[in-house]
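1. Fold the following.
(one chain, ligands or ions: 1)
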Amino acid sequence: MTSVDLAELWSTFSENECRGYSPLYEKITRAVANNAEVLKFLKISPSDKLHPNLLLAAVHERVLRGLEPELFDIYYNNATSDVGDAFIACVLNSMDDLAPILDTRFVQTNEIGRVSALVPALASLQMQEEATLVDVGTSAGLTLTRDSCFVDYGSLGTYGSKDSSVQIRCDVLHGEPPLMRAPIKKQIGFDRNPIDTRNPDDYRWMQACVWPDTGRTERTNAALDQASHLDVQFVKGDAIADLPNLFERIDGPLVVTTTWALVYAPMDTWELFGQHLAEASRQRPVYWISAEAEGVVTPLPHVPMPSVEGPPGTVIGSVTYENGSVSSAKVLAHAHSHGKWLWWYD
Ligand SMILES: C[S@@+](CC[C@H](N)C(=O)[O-])C[C@H]1O[C@@H](n2cnc3c(N)ncnc32)[C@H](O)[C@@H]1O
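-> Below is the predicted model of the structure:
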């Protein structure tokens, strides 16, 4: 990727993902887009490591480790110094420390708020038997704790226990999402790099992946603590190369979830992912519930995104495979990528 493409990537990210949601990261990403030295440093990374979230998290991790007091004051104490300048200075002064982190870490933002879309999406499945759920790209498995969370859908109702340490508020802007518990008997978290929330370095990396000024820090910490008591099996593997092996070892109906995960796999493998699910459906029905960007889940029809202020929403899809092929593919909803709102299609 050339410096021009990289500058474009950062400035598009600033406008599309940060504006209207994270003023801090909007300023930082704009500053990076305009800084030739930082872009040159980033160019040493392989192309799958160029996602802005990776550098943002790597610097945030330094902040959380107490290594960047100026940025800490801006991120957490409302200090008003120029965050763009402070971020650039941090990167240029710590390139030797940052390079190995960019090399070895992945964007693994695990967003518990996505449970607000997953709950009705799973409830909408008409399953005759209890199923095994495989969450592909699970990170630390936070969304697998959905039954321990409390989700408040305003006048449409609630899900889970009010006493939960993880409280999620979701504005339903359209429709009436179903809020029953889905019949899931077993859950498996699958990732190329599963995160162990009991490991302090992994725990801090999860915190670092959260954008500091979006009000999600406390909720993420509570979700990480909740996940450390989770009774799920974690399996390490690649979503394209290794999933068929896992599916062969599972009997009965299969629910596969991907939430902001497949989009990180190369674009030319998205179709193949669906083919793996189709293949697995020769033995039993396979249900794929997805929360991905438009175009990632290839069997889904295009449904125009509702016009809601802020960054573009996520497509919540439901694709069913039976006897080796797609038997239905439906866009269930559009949702805020961190679960703040839901536009449900009845
Ligand atoms: C942005 S995180 C999303 C985590 C979680 N699904 C959520 O919604 O909060 C993307 C996750 O997908 C995983 N991932 C990306 N590509 C993958 C692949 N090819 N195979 C397995 N996991 C992958 C990453 O390791 C990371 O944990």
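
2. what about the strands in the protein?
-> Applying DSSP state E to the chain gives strands spanning 131-136, 150-152, 158-159, 167-169, 171-174, 184-191, 233-236, 254-259, 286-292, 314-322, 325-335, 341-344.

3. Which one, of those strands, ends up nearest to Thr109?
-> strand 254-259 (10.4 Å; C-beta to C-beta). (C-beta placed from N, C-alpha, C; glycine too.)

4. Pairing partners for the closest one, with directions?
-> strand 131-136 (parallel), strand 286-292 (parallel) (DSSP bridges).

5. most neighbours per residue, which of those?
-> Per residue and on average, the most neighbours among the strands paired with strand 254-259 fall to strand 286-292, with a mean of 26 (mean count of other C-beta atoms under 10 Å).

6. relative to strand 314-322, how tilted is it?
-> Inter-element angle recorded for strand 286-292 and strand 314-322: 170 degrees (by axes from the mean of the first three to the mean of the last three C-alpha atoms, to 10 degrees).

7. circling back to that earlier point, now render the strands of the chain as TSV, adding mean pLDDT and distance to the ligand.
-> Below are the strands of the chain laid out as TSV (pLDDT from 0 to 100; distance: least, C-beta to the nearest ligand atom, whole Å):
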stretch	mean pLDDT	distance to the ligand
strand 131-136	98	6
strand 150-152	98	15
strand 158-159	98	18
strand 167-169	97	13
strand 171-174	97	19
strand 184-191	97	5
strand 233-236	96	9
strand 254-259	98	3
strand 286-292	98	7
strand 314-322	98	9
strand 325-335	98	12
strand 341-344	98	15
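
8. Indicate the residue of the chain located nearest to the ligand.
-> In the chain, the residue that lies nearest the ligand is Gly137 (2.8 Å; C-beta to the nearest ligand atom).

9. Ala121 versus the residue nearest to that residue when sequence neighbours are not counted, what's the distance?
-> Once flanking residues are discounted, Gly137 sits nearest to Ala261: 2.3 Å by C-beta to C-beta, 6 or more residues apart in numbering. Distance of Ala261 to Ala121, given as C-beta to C-beta, to the nearest Å: 15 Å.

10. Good, we can wrap up now.
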